[in-house]
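Participant: Provide a 3D model corresponding to the input given below.
(chains A, B and C)
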Amino acid sequence: MDIDSETTSSKEDHQTKTIAVLLVGAPGSGKSTFCDKVILSASRPWVRVCQDTIASGKAGRRVQCIMSARAALKEGKSVFIDRCNLDRGQRGDFTTLSSLGAEVHAVVLDLPAKLCVARSVKRTGHEGNLQGGKAAAVVNKMLQNKDLPKLYEGYSRITFCSNENDVEEAIKMYSALGPKDTLQSGCFGQKNPDSEVQPGIMKFLKKVETPKYSTSQAKNSTSSEISADDSLCDKEPEKASSSCNDDVKGTGKNAELAEGTVADRGVSSLSNTPTLAFPSISTADFQFNIELASDIIVEKVEEYANKLGEAKLVLVDTSHGSKILSLVNLKAGRKRIDSSKFTTFVGDITKLYSEGRLHCNVIANTANWRLRPVGGGVNAAIFNAAGPELETATKERAKCLKSGSAVAVPLPSTSPLFWREGVTHVIHVLGPNMNPLRPDCLNNNYREGCKVLQDTYSALFEAFASIVKNEEKFLKGDNISGKPAESLVGKAKDHAPKSDQKVKRESTHESEKTKKFKGSQDGIESDGQGNLGSDRICGGTSKTWGLWAQALYHMAMDPGKYKNDVLEITTEVVVVNDLYPKAKRHILVVARKQGLACLADACEEDEVLLRKMHAKGLEWIQKFLLEDKSLIFRLGYHSVPSMRQLHLHVISQDFDSKHLKNNKHWNSFNSAFFRDSYDVIHEIGRKGRVTLKDNEQLLSKELCCHRCQRAQPDLLHLKAHITNCRIPFPLFLQEKWRLVRASTM
DNA sequence: GTTCTAGAAC
DNA sequence: GTTCTAGAAC
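Facilitator: I've put the predicted structure just below:
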């Protein structure tokens, strides 16, 4: 059924298209049998090239296999390459057979190890003399290191067989191929969901198992909502078609398990390693020689792979038949570049996560010298996908770009590329131009051209290294002493906001405070410490703070008076439990600085304070996680707070609280009204201030689950839904600095 | 920030 | 009848 009859008939008068089939499989997987069966019944002429017998009946070398295959193809015969071919290095050279006009296929006999072992132990008279007791050890060893083929290695088709039935089907299919028939291109029959992510990429991603949901999402990004829901509910198939807000109770343990699984295996690992995706520079529109370019890529990758620590590099191209990817793969294989640090990937660089499940937080753009979103290719695609945000952010950084250089642009969180794909930076690069129709053509001067291309890759990788370094610095909490808080460490337990006692206590206190101020008109008078009462300048506009709204301010100014209520006091912050916690854990880190009523008041000089507040929040999260490691936290600010004095919310994402009572509560923590501490710090660092959004609109928007983003009719449904929903958090939250969980601490 | 209340909407 | 929403008061 895969036979492409249309193609066949349209090529009626063309010459026979030869095929080179690489069999991939452990000893005992049935490669030789496969070849023999096809050759016996096929009308197309086939030749079997077997490394075990190629040297006058004895085992030969890979080169001999290639020579032999080339000879057969030149005679118009199709060939089977009968050797294990279990890793990329072993397979590399065979894809070059396409230069003879042959289609290169791979047939993977990925049968259970047990079966392969059993067969190879039992057999007698094996050509390679791999039989008996030693076979078991060899097969096992080989299978441990297997790295199945990917389309981007240069195959036009890969057929996976995972059981004997599949093998029989594949044999029939190849047997049925007449001299002029062809098979449909692509990847077929792979049962393992990893295949959807391009198999080899899993090694690159430290072989993390992809969660089930990713398969459906990757397959059909436009209907990910439904797919995601289906996979979520697969424990209860009958509920799969309805939304998961059904009253599926008693999920406690299961839910926890599911969460743990998701966090541990899939997305978090995918998201946390800094990864740069880059297209091949100058080889498209700038017509740089591909052979030379591939040498330079491999040379530069080799140079930087180790300098970059844990960070990873991915060369991306949209085309399956990409010559540059094949060449780079081959050369990287020869140089034994660590495939967990560098890989190639076939896909759209603007959709790596949504379509390929590959999360790259930084992507490179082959820009033009004006840094304008014009033209075609990668540049237009990236500007288009990133929206006007990239253009604006780029203008802030640079006006133009010299060839051989790079400029890194942080992407605003409003850019679709940021929130959909998890891209935080775009690095624009400009390589050498060999195209006479484009500016600054080097007229085939490859001496100069190679130097410029080397410089461009160096600039790109340096810029990436600098981004990685900054992120690390941020995560370490630069300038912050790692010491635990001196004053009230260990109070987490004592002050757990579990009991209502605490709330009541603060409640009482608050009413006392209020009583205290009852006599004063409008509350504008001095608070007794020479500070203004309720009139503050907030972000340039005067804002009146009601008396009730000043409790935090008073605590921050004179925490000694509130010793029973504060969890911790330092010279710069006080930490308190939120009076009305909206989740199991919900604390506030309050700045003690005068004149800092809210986020709008924060300016450049406050960056250090904001970092310290963040670090303090992390310290407390660490304590909370000791008690309940299933909690997941988010740290952030309300765009326009109700309470005077800048305070950082540190809140667990269960939202399991009787105090969460209305839409505004929900949206204040689950819309752009809630500004992640990470983003606030970066924005202050870059612009010296924080931009705030239209708040009323944000707070009254419809209720959406913070995980699956599915809209809920009202708060009751939402609450029921979130107790069950285990869809992973949206990508922009997956960054470890936005969501904090046990596995990321 | 919460609570209370009244009127609208269902 | 119940639920939702907005405004006032604290």
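
Participant: return the residues of chain A in contact with DNA strand B.
Facilitator: Residues of chain A lying close to DNA strand B by C-beta under 7 Å from any atom of the strand are A:546, A:548-549, A:579-580, A:582, A:638, A:641-643, A:659, A:661, A:665, A:668. For every residue, glycine as well, the C-beta is placed using N, CA and C.

Participant: does A:Y580 really touch A:K658, like I thought?
Facilitator: No - assessed by C-beta atoms under 8 Å, A:Y580 is found out of contact with A:K658, at 9.2 Å.

Participant: between these two, tell me which one has more neighbours.
Facilitator: A:Y580 (16 against 9; other C-beta atoms under 10 Å).

Participant: avg pLDDT for stretch A:347-360?
Facilitator: For stretch A:347-360, mean pLDDT is 82.

Participant: where does the stretch 101-250 of chain A have low pLDDT?
Facilitator: Applying pLDDT under 70 to the stretch 101-250 of chain A flags residues A:133, A:144-145, A:152-153, A:191-250.

Participant: hmm, 90 instead?
Facilitator: For the stretch 101-250 of chain A, the stretches with pLDDT under 90 are A:101-104, A:110-158, A:162-166, A:178-250.

Participant: so what touches stretch A:83-95?
Facilitator: Contacting residues not belonging to stretch A:83-95 are listed as A:20, A:22-27, A:31, A:50-52, A:62-63, A:65-66, A:69, A:81, A:104, A:106, A:142-143, A:145-149, A:153-155, A:200, A:326, A:329-330, A:333-334, A:336, A:339 [C-beta atoms under 8 Å, 6 or more residues apart in numbering].

Participant: from those, list the buried ones, please.
Facilitator: Buried by 16 or more other C-beta atoms under 10 Å: A:20, A:22-27, A:31, A:50-52, A:62, A:65-66, A:69, A:81, A:104, A:106, A:142-143, A:146-149, A:153-155, A:200, A:326, A:329-330, A:333, A:339, out of the contacts of stretch A:83-95.

Participant: which of the residues you listed fall in helices?
Facilitator: Counted as lying in helices by DSSP state H, out of the buried ones among the contacts of stretch A:83-95, are A:K31, A:R62, A:C65, A:I66, A:A69, A:M142, A:L143, A:S326, A:N329, A:L330, A:G333.

Participant: so which of the residues you listed is the closest to A:P416?
Facilitator: In terms of C-beta to C-beta, no member of those lies closer to A:P416 than A:N329, at 30.7 Å.

Participant: touching, that closest one and A:F342? I think so.
Facilitator: No - under the criterion of C-beta under 8 Å, A:N329 is not in contact with A:F342, lying 10.0 Å apart.

Participant: what does A:S156 show for phi and psi?
Facilitator: Backbone geometry at A:S156, expressed as degrees, to the nearest 10, gives phi -90, psi -20.

Participant: how many residues are close by it?
Facilitator: A:S156: 20 surrounding residues under other C-beta under 10 Å.

Participant: repeat for A:E572
Facilitator: Applying other C-beta under 10 Å, we find 16 residues neighbouring A:E572.

Participant: show me what contacts it?
Facilitator: Taking C-beta under 8 Å, 6+ apart, we find A:E572 in contact with A:A591, A:R592, A:K593, A:L609, A:K612.

Participant: 6 Å instead?
Facilitator: Neighbour list for A:E572: A:R592, A:K612 [criterion: C-beta atoms under 6 Å, 6 or more residues apart in numbering].

Participant: helix/strand/coil for A:L692?
Facilitator: Classification of A:L692 using DSSP: H, G, I helix; E, B strand; the rest coil returns coil.

Participant: quick one: A:C400 from A:N368, how far?
Facilitator: 9 Å (C-beta to C-beta, to the nearest Å).

Participant: quick one: which of those two has more around it?
Facilitator: Remark: of A:C400 and A:N368, A:N368 carries more neighbours, 21 against 12, as counted by other C-beta under 10 Å.

Participant: count the residues that sit near A:A742.
Facilitator: A:A742: 18 surrounding residues under other C-beta under 10 Å.

Participant: just checking, it touches A:K629?
Facilitator: Yes - here A:A742 reaches A:K629: they are 4.2 Å apart, a contact under C-beta atoms under 6 Å.

Participant: thinking again about what came up before, closest to A:K616 among the ones in helices among the buried ones among the contacts of stretch A:83-95?
Facilitator: For those, the closest approach to A:K616 (C-beta to C-beta) belongs to A:N329, at 47.3 Å.

Participant: buried residues in stretch A:390-401?
Facilitator: For stretch A:390-401, burial by neighbour count (16+ other C-beta under 10 Å) applies to A:L390, A:A393, A:T394, A:L401.

Participant: count of neighbours near A:E75?
Facilitator: Other residues lying near A:E75 total 11 when counted by other C-beta under 10 Å.

Participant: what about it, distance to A:W46?
Facilitator: Relative to A:W46, A:E75 is positioned 12 Å away (C-beta to C-beta).

Participant: give me the below-cutoff pLDDT ranges for the stretch 551-700 of chain A.
Facilitator: A:561-565, A:640, A:658, A:662-663, A:671-672, A:682-683, A:685-687, A:691-700.

Participant: again, only this time at 50
Facilitator: Within the stretch 551-700 of chain A, no range satisfies pLDDT under 50.

Participant: what does chain A put close to DNA strand C?
Facilitator: Residues of chain A lying close to DNA strand C (C-beta under 7 Å from any atom of the strand) are A:T514, A:G546, A:W548, A:N662, A:N663, A:S700, A:D714, A:L715, A:L716.
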